[in-house]
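K.L.:
I would like the atomic coordinates for the input below:
(2 chains)
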Amino acid sequence: MSRVSLKSITKSFGDHSVIPPLDLEISDREFVVLVGPSGCGKTTTLRMIAGLETATSGTIMIGDRDVTDQRPGLRNCSMVFQNYALYPHMTVAENIGYGMKVRGLPKEDIAAAVTEAGRILNLGPYLHRKPRELSGGQRQRVAIGRAIVRKPDVFLFDEPLSNLDAKLRIEMRTEIKSLHRRLETTVVYVTHDQVEAMTMADRVVVMNAGRIEQAADPITLYEAPRNLFVAAFIGSPSMNFLDGHLATGPEGPLFRAADGVAIPTPLRSETTNGLAVVLGIRPEHTVAEGRDLPTVTLKVRDVEPLGPHTLVIGTVGGAPFTAQVPAHARIEPDDTIRVPINTDKMHLFRKDTGDALLNQAGVFGGSNP
Amino acid sequence: MSARGLKGGGRLLAFAGCLIWFVLTMFPLYWIVITSFKTPVSVVDGPTYLPFIDFEPTLNAWRDLFSGNRGQFSSTFLASSLIGVTAAVIATAIGAMAAYALVRFPFRVRLGSAILFFVVALGGYLAGTLWFGLPRAPAMLDAFAAALLLSVLANRLPLPGPVLGNDDIVFWFVSQRMFPPIVAAFALFLMYTEFGRMGFKMVDTYLGLTLAYVAFSLPIVVWLMRDFFAALPIEVEEAAMVDNVPSWRIFTDIVVPMTMPGLIATFMITLAFVWNEFLFALFLTTSKWQTLPILVAGQNSQRGDEWWAISAAALIAIIPMMVMAALLSRLMRSGLLLGAIK
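P.N.:
A predicted model of the protein is given here:
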C-alpha cells in the first residue's frame, strides 16, 4: 500500500507563507499531476513529500508510515529532477546502480537491476557511457532508470520533461505513462504544462498560491471547472471570458453584456437579478453545427489556420476572444463576424468570488445551490 | 573585443606589448639560470649574457651545493617537501569539508556564546596562571576546553543579541588572514615553547611546523572551496539524499569528484604558499626541519654575496613548484560537470 496523504500541511520560509493548510489524498497506484503557474507551491509540495523540505506543520503519510520528520532517504521515494541531476563522473550503469551499491547489495543483483532498467528504458547500448555523451532525452531516461531500480513506494517527478524539445516531450510522456502501467507504483508528477497534466494524469490537482483550486480527473476539469482560475488554466487555446450581469428574460435569467449581447441561461429564476457574472466559453464551443444559437459580434484581428480547423482571434466588446471556424472559412483580419455561443457548453462564474454558477456538470454554487 | 580580431598595426602593437612583458618576466629567471653556471670570476667581471659565447659555463656552483659545503640541501629539500605536501593535503581536506558544510548546512551561532568563549578562554587562562599557579600551557589548554564546552552549550540557550550565520563564519575565517602574520608567528612560537616545557616538543619538529601551516592555510582553502561548492548543482546531491546515500558518502563519492579541478587548484595554491613561506619557518624551526626559503635566504649572510651559489640554491627552490604545477594543471581541466544537469 502506498497511499500518500497530506494532512493540513503548511510551509513558510521565514515569515513568508507559501502553502496555507493543504490536504491531499493520493491513492495507491494513482498517477496524480500537480499543475499550476510558477510559484503556486506545486514543487514545494512535492519536495515536502520527498523530504527535501520539511513541512512547517501538518502530517505527511506514505502508506501507514508517518514520514513527516523522516529524512528523505528513509521515505522510500524516488525523485526525477527537471535538470536530470545525474552523477557526471559515473557511467550510465554506475548512475543507475549507485544507490544499490551504497546500500551494500550484492554485485549480481545490481548488475541484473541495471540491465533490466536499461532494457525497459532502451538504454542498453549506452550503459557504459558517461552522461555528457548522451542526449537530453537519454539523460532523463537514465534519471528515470535510477529511480525505478529503487523499487520505491512513490515516484516523484519534478517537471521532468521541461528541458526536452517538443517532439521528445510527447514521446517521453507516453513512455512515462506506460512505465506507470507496468510498474503500478503511485506517481506524483509536477508540471506547469496543463497539456502534460491532462494527457498523463489519473487525477489533476490544480494549484494556485499554495491552495488546491480543484482536484479531479482531466475530463471533469475540462467540462466542470469549479472556478474561474481552473477554467482559465485548463484547455488550449484557453477559454474566452465575457464580463456581464444577469437580467430577467422571457424564459428565465439572461446573460447580458456590452454590445447588446443577451444569452439565455438555464439558471433558475430566483438567481439574484443584476448579479455580476463572467460567461466562459471555449473556442471549440463557438460552432453552430446547424443549430440556432445566440451569437456575439467578433472583431477579427488575426486568423490562425491549424489544419483541421482555423482559429479566429479578435475582441468581443473589448474583451479578447478566440473563436473556432471551419478550415476553409473566408475570414480576413478587420472583418466583423457573428460567432455562435453553444449554450449547452457555456460556463457562468460569479464575478466577485470566481465560483462557478453553471458548467457542463449543471447548475450549482453561489446563490443557486 | 578579443585580440584575435585585431588587424595590421594593432595586432603588431599587441604582439610587441606581449613580447615586452614576456621578456620582463622571464629575464630574472634566465639571469638566475645562467648565473648558476658562471664562475665567480665571470660574475664579478661585469655582465655577460650568453653561455659559450660571453662566458664558459661551469657546474662548480652546483657541485658545491650538493657537496654539503653550503648547508644540508638534500635534507632541507626533503623537509620542505614533507612539510609542504602534508600541510597542503591536510589543509585542503579539512578546509574542503568545512567549506562544504558552510555551503550546504545552515549554522546559527549566537554572538553571546562567541563572546562567552572569548571571556572564558582569556579569563580562565589568566585565572589559572595568576590565582591557581598553573603553568601557562595547562592553564591555556584547560581554559580553551572549558570555553569551547560552555559556548557550545550556551549556544542552545536563547541568549540576547544577534545570531551569526554562515557568511559571518566565513568572514571570521578569512579575517584571520587580515592581521600581520608576525603576530601569529610570535604567539605560536611562545605557545610551542610552553608545550616544549611540558615535555611535548613542538619547535623545530615536523608536527609543529605542519600544524602551523595547516592552521594558517585553512582560511584561504575555505574561502576558495566555498565558491567551488556553491557552484555545484544541488539537485545532484538531493537525488542522492532521496536515494538514502549518507551525507559523508555524498561528499566523498559525488561532491569531491565533481569539484576535483577546484580541489587541485586549491591544493596547488596552498602548497605554493607553504613551500614559499618564510616567517613561520624562521620562528618555528632551528635546524632539523628548516625549509628551503630559510636556507636560501641564509646563503647571503653565511658566505657573502656569492651570486652563483645563491642562484643555484634559488633554482632548487623554484623548480619543484614548476614541475608540480605542470603535472597538476593537466588534472585541472574543466568540464567535469558536463552531463550532470541540463
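
K.L.:
Roughly how far does A:Leu179 sit from chain B?
P.N.:
Using Cβ to the nearest Cβ, to the nearest Å, A:Leu179 is found at 18 Å from chain B. The way it works is simple: take the backbone N, C-alpha and C, and place the C-beta from them, glycine included.

K.L.:
three-state assignment of that residue?
P.N.:
Secondary structure, DSSP: H, G, I helix; E, B strand; the rest coil: A:Leu179 is helix.

K.L.:
Let me know whether it touches A:Arg141 as I believe.
P.N.:
No: the pair A:Leu179 / A:Arg141 is not scored as a contact, 10.1 Å apart, by Cβ atoms under 8 Å.

K.L.:
From the neighbour counts alone, determine which of these two ranks first.
P.N.:
Shown here are A:Leu179 and A:Arg141; by other Cβ atoms under 10 Å in any protein chain shown, A:Arg141 has more neighbours (25 against 18).

K.L.:
The stretch 151-300 of chain B against chain A: which residues are in contact?
P.N.:
Within the stretch 151-300 of chain B, the positions lying close to chain A (Cβ under 8 Å from any Cβ of the partner chain) are B:233, B:235-236, B:238-246, B:249, B:253-254, B:257-258.

K.L.:
Listing request: residues of chain A with sub-threshold pLDDT.
P.N.:
A:1, A:269-272, A:364-369 (pLDDT under 70).

K.L.:
next one: phi and psi at the residue in the stretch 101-250 of chain B that chain A sits nearest to?
P.N.:
Going by Cβ to the nearest Cβ, chain A is nearest to B:Asn244 of the stretch 101-250 of chain B, at 3.0 Å. When read as degrees, to the nearest 10, the backbone of B:Asn244 gives phi 60, psi 40.

K.L.:
I figured it hits A:Ser78, correct?
P.N.:
No: assessed by Cβ under 8 Å, B:Asn244 is found out of contact with A:Ser78, at 10.4 Å.

K.L.:
all helices of chain A, in order?
P.N.:
Counting by DSSP state H, chain A has helices at residues A:42-50, A:92-102, A:107-120, A:136-148, A:166-183, A:194-200, A:218-223, A:228-233.

K.L.:
and if you look at the stretch 201-342 of chain B?
P.N.:
Applying DSSP state H, counting those that start in this stretch to the stretch 201-342 of chain B gives helices spanning B:206-230, B:234-242, B:247-249, B:256-258, B:260-276, B:279-284, B:292-303, B:307-329.

K.L.:
mind checking how far the second one is from the chain centre?
P.N.:
So the one you mean is helix B:234-242. From the chain centre to the centre of helix B:234-242 is a distance of 32 Å (Cα atoms, centre = their mean, to the nearest Å).

K.L.:
hmm, who's touching it?
P.N.:
Outside of helix B:234-242, the residues within contact range by Cβ atoms under 8 Å, 6 or more residues apart in numbering or on different chains are A:50-52, A:71-73, A:75, A:77-79, A:81-83, A:85-88, A:98-99, A:143, A:146, A:156, B:104, B:249-250, B:254-255, B:258, B:340-341.

K.L.:
Nearest residue to the residue in the stretch 251-369 of chain A that chain B sits nearest to in space, please, no chain neighbours.
P.N.:
Residue of the stretch 251-369 of chain A nearest chain B, by Cβ to the nearest Cβ: A:Leu306 (30.3 Å). Excluding its sequence neighbours, the residue lying closest to A:Leu306 (Cβ to Cβ, 6 or more residues apart in numbering or on different chains) is A:Ala327, at 8.0 Å.

K.L.:
can I see the domain layout of chain A?
P.N.:
By the assignment in automatic domain parsing, chain A contains the domains A:4-230, A:231-363.

K.L.:
And the first one, end to end?
P.N.:
Separation of the first and last residues of domain A:4-230 by Cα to Cα, to the nearest Å is 24 Å.

K.L.:
Same check on the last one?
P.N.:
Between the opening and closing residues of domain A:231-363 lies a distance of 16 Å (Cα to Cα).

K.L.:
same check, this time on stretch B:254-268
P.N.:
End-to-end span of stretch B:254-268 (Cα to Cα): 22 Å.

K.L.:
re earlier: which of the helices of the stretch 201-342 of chain B sits most buried?
P.N.:
Comparing these by mean neighbour count (mean count of other Cβ atoms under 10 Å in any protein chain shown), helix B:234-242 comes out on top with a mean of 23.

K.L.:
relative orientation of that one and helix A:136-148 in degrees?
P.N.:
Calculated by axes from the mean of the first three to the mean of the last three Cα atoms, to 10 degrees, helix B:234-242 forms an angle of 20 degrees with helix A:136-148.

K.L.:
Do you know the pLDDT at the residue of the stretch 101-250 of chain B closest to chain A?
P.N.:
We have a pLDDT of 91 for B:Asn244.

K.L.:
excluding its backbone neighbours, what's nearest it?
P.N.:
Nearest one to B:Asn244, counting by Cβ to Cβ, 6+ apart, is A:Gly73 at 3.0 Å.

K.L.:
Can you say which of the helices of chain A is nearest to B:Glu306?
P.N.:
helix A:92-102 (59.1 Å; Cβ to Cβ).

K.L.:
Give me the buried stretch members for that closest one, please.
P.N.:
Buried residues in helix A:92-102, defined by neighbour count with 16 or more other Cβ atoms under 10 Å in any protein chain shown: A:Val92, A:Ala93, A:Glu94, A:Asn95, A:Ile96, A:Gly97, A:Tyr98, A:Gly99, A:Met100, A:Val102.

K.L.:
Identify the residues contacting that helix?
P.N.:
Contact with helix A:92-102 is made by A:86-87, A:90, A:109-111, A:113-114, A:117-118, A:123, A:126-131, A:134, A:142, A:145-146, A:149-150, B:240, B:243-246, B:249, B:253, as judged by Cβ under 8 Å, 6+ apart.

K.L.:
With only the CA atoms kept, save that helix in PDB.
P.N.:
Provided in PDB are the C-alpha atoms of helix A:92-102 (Å, rounded to 0.1, in the frame of the first residue of the first chain):
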ATOM      1  CA  VAL A  92      25.100   5.200 -17.000                       C
ATOM      2  CA  ALA A  93      25.300   1.800 -15.400                       C
ATOM      3  CA  GLU A  94      27.000   3.300 -12.300                       C
ATOM      4  CA  ASN A  95      24.500   6.100 -12.100                       C
ATOM      5  CA  ILE A  96      21.600   3.600 -12.100                       C
ATOM      6  CA  GLY A  97      23.300   1.200  -9.700                       C
ATOM      7  CA  TYR A  98      24.900   3.700  -7.300                       C
ATOM      8  CA  GLY A  99      22.000   3.700  -4.700                       C
ATOM      9  CA  MET A 100      22.100  -0.100  -4.600                       C
ATOM     10  CA  LYS A 101      25.800  -0.100  -4.200                       C
ATOM     11  CA  VAL A 102      25.700   2.300  -1.300                       C
END
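
K.L.:
how far does that helix sit from the chain's center?
P.N.:
Averaging C-alpha positions (Cα atoms, centre = their mean) puts helix A:92-102 32 Å from its chain's average.

K.L.:
Over to stretch B:76-86?
P.N.:
Here stretch B:76-86 is found 13 Å from its chain centre; the criterion is Cα atoms, centre = their mean.

K.L.:
Stretch A:183-199 now?
P.N.:
7 Å.

K.L.:
What of stretch B:150-169?
P.N.:
Counting by Cα atoms, centre = their mean, stretch B:150-169 is centred 30 Å from the centre of its parent chain.
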